[in-house]
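K.L.:
Any chance you can model this:
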Amino acid sequence: RELGPLDILVNVAGILRVGPVLELSDDDWERTFAVNTRGVVNVSRAVARRMTGRASGSIVTVGSNAARTPRVHMAAYAASKAATTMFTKCLGLELARYNIRCNVVSPGSTDTPMQRALWTDGRGARAVIAGSPEAFKLGIPLNRIAETEDVAAAVLFLASDQARHVTMHDLCVDGGATLGA
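P.N.:
Modelled structure (predicted):
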């Protein structure tokens, strides 16, 4: 059946496998990259092919601030999100001639089920906000965990005509946790 025009694609997918690099299984690495990277690549390419004929569109990929700053026990996740971020920027460079913008929103710690699964000691958000030198985690200078609405507002802005001259940008929404890295 025929689908209508696609004006906006928002890639929002992610899984998290945590553990020391030497202890993560091959399956952990493969599954992480299958969802976090290959899924974004496959969907973006399919949608971009439809957008080029119309010479307009916006693709926004939700990445992670983990792509910017190394973290203990998060190598697979961070590497997959770094690959996704660079793919989206390269796609943006190639599609700019078609007036298709490609941007990334990189949230930090956000109150989601994936984040809550990491809270194992009862300290939860307080521990994330405070940071952990052992995990090279600086904390959150704005002193709060992001809400999903914070990330959605950034996505909405980049997908909108208000960002019509913004492409290949990575907007970090992490309360300052990566110190602007």
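K.L.:
Leu22 belongs to a strand?
P.N.:
No - in this structure, Leu22 is coil, not part of a strand, as judged by DSSP: H, G, I helix; E, B strand; the rest coil.
K.L.:
Nearest to the spatial middle of the protein, which residue is it?
P.N.:
By CA atoms, centre = their mean, the chain has its centre lying nearest to Gly63, at 0.9 Å.
K.L.:
Return the backbone torsion pair for it.
P.N.:
Gly63 adopts backbone torsions of phi -100, psi -130, taken as degrees, to the nearest 10.
K.L.:
Now do the helices in this protein.
P.N.:
Listed in chain order, the helices found in the chain under DSSP state H are 26-33, 39-52, 75-95, 113-116, 124-130, 148-159.
K.L.:
Kindly compare burial across those and name the winner.
P.N.:
With neighbours defined as mean count of other CB atoms under 10 Å, the helices of the chain peak in mean count at helix 75-95, which reaches a mean of 20. To be clear about C-beta, it is placed using only N, CA and C from the backbone, and glycine gets the same treatment.
K.L.:
what mean pLDDT does that helix have?
P.N.:
Averaged over helix 75-95, pLDDT sits at 98.
K.L.:
elements contacting that helix?
P.N.:
helix 26-33, helix 39-52, strand 57-62, strand 100-107 (3 or more CB pairs under 8 Å, 6 or more residues apart in numbering; DSSP states H and E).
K.L.:
about what we covered before: for Ala154, see how far away the residue nearest to the centre of the chain is.
P.N.:
Remark: distance between Gly63 and Ala154 (CB to CB, to the nearest Å) = 11 Å.
K.L.:
which residues do those two both contact?
P.N.:
Residues touching both Gly63 and Ala154 (CB atoms under 8 Å, 6 or more residues apart in numbering): Val105, Pro107.
K.L.:
coming back round to it: how about the helices of the chain in JSON lines, adding distance to Leu6?
P.N.:
Below are the helices of the chain laid out as JSON lines (distance: least, CB to CB, whole Å):
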{"stretch": "helix 26-33", "distance to Leu6": "25"}
{"stretch": "helix 39-52", "distance to Leu6": "5"}
{"stretch": "helix 75-95", "distance to Leu6": "13"}
{"stretch": "helix 113-116", "distance to Leu6": "27"}
{"stretch": "helix 124-130", "distance to Leu6": "36"}
{"stretch": "helix 148-159", "distance to Leu6": "12"}
